[in-house]
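Colleague: When you get a sec, could you give me coordinates for this:
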Amino acid sequence: TNDQDAEQRMIEYLFEMGHESILGIFQVDDIQGVHRMNGFVKAYQEQPEISYKSNILMYQSGGNFDKL
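Modeller: Residues are numbered from 1 along each chain as shown. Alright, predicted model coming up:
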């Protein structure tokens, strides 16, 4: 599985559907999550006119969500 490419293609599809402000939620202590986040960022980098509309939330699998 190419997680980075799959994520990038999914975000590009959402752009084609007219979406601009997309929230990506990624697990950063897992290599798959990091690759997916990289695909998300790359898709926005290729759309500089809307890149400021990207939103990223990162978490760790052992994180304590009660502190949020």
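Colleague: how about the strands of this protein, start to end?
Modeller: In chain order, the chain shows strands spanning 23-27, 55-59, with DSSP state E as the criterion.
Colleague: now, of those strands, which is deepest in the fold?
Modeller: For these, the largest average neighbour count (mean count of other C-beta atoms under 10 Å) is found in strand 23-27, namely a mean of 15. Backbone N, C-alpha and C define where each C-beta goes, glycine included.
Colleague: by contact count, what packs against that one?
Modeller: The criterion is 3 or more C-beta pairs under 8 Å, 6 or more residues apart in numbering; DSSP states H and E, and the helices and strands that strand 23-27 contacts are helix 31-45, strand 55-59.
Colleague: Direction included, what does that strand pair against?
Modeller: With DSSP bridges as the test, strand 23-27 is paired with strand 55-59 (parallel).
Colleague: Quick check: Tyr59 vs Phe40, distance?
Modeller: 14 Å (C-beta to C-beta, to the nearest Å).
Colleague: try Ser54
Modeller: Applying C-beta to C-beta, the value for Ser54 to Phe40 is 7 Å.
Colleague: okay, the two: which has more neighbours?
Modeller: Remark: of Ser54 and Phe40, Phe40 carries more neighbours, 23 against 18, as counted by other C-beta atoms under 10 Å.
Colleague: show me the contacts for the nearest residue to the more buried one once chain neighbours are set aside.
Modeller: Ranked by C-beta to C-beta, 6 or more residues apart in numbering and with sequence neighbours excluded, the top spatial neighbour of Phe40 is Gly24, at 4.2 Å. Contacts were defined as C-beta atoms under 8 Å, 6 or more residues apart in numbering; by that measure Gly24 touches 7, 11, 36-37, 40, 54-57.
Colleague: and if you look at His35?
Modeller: Counting by C-beta under 8 Å, 6+ apart, the residues that His35 touches are 2-4, 7.
Colleague: Please report how far it lies from His19.
Modeller: His35 sits 22 Å away from His19, taking C-beta to C-beta as the criterion.
Colleague: Next, count neighbours for Glu46.
Modeller: 12.
Colleague: no wait, Gln4
Modeller: Applying other C-beta under 10 Å, we find 19 residues neighbouring Gln4.
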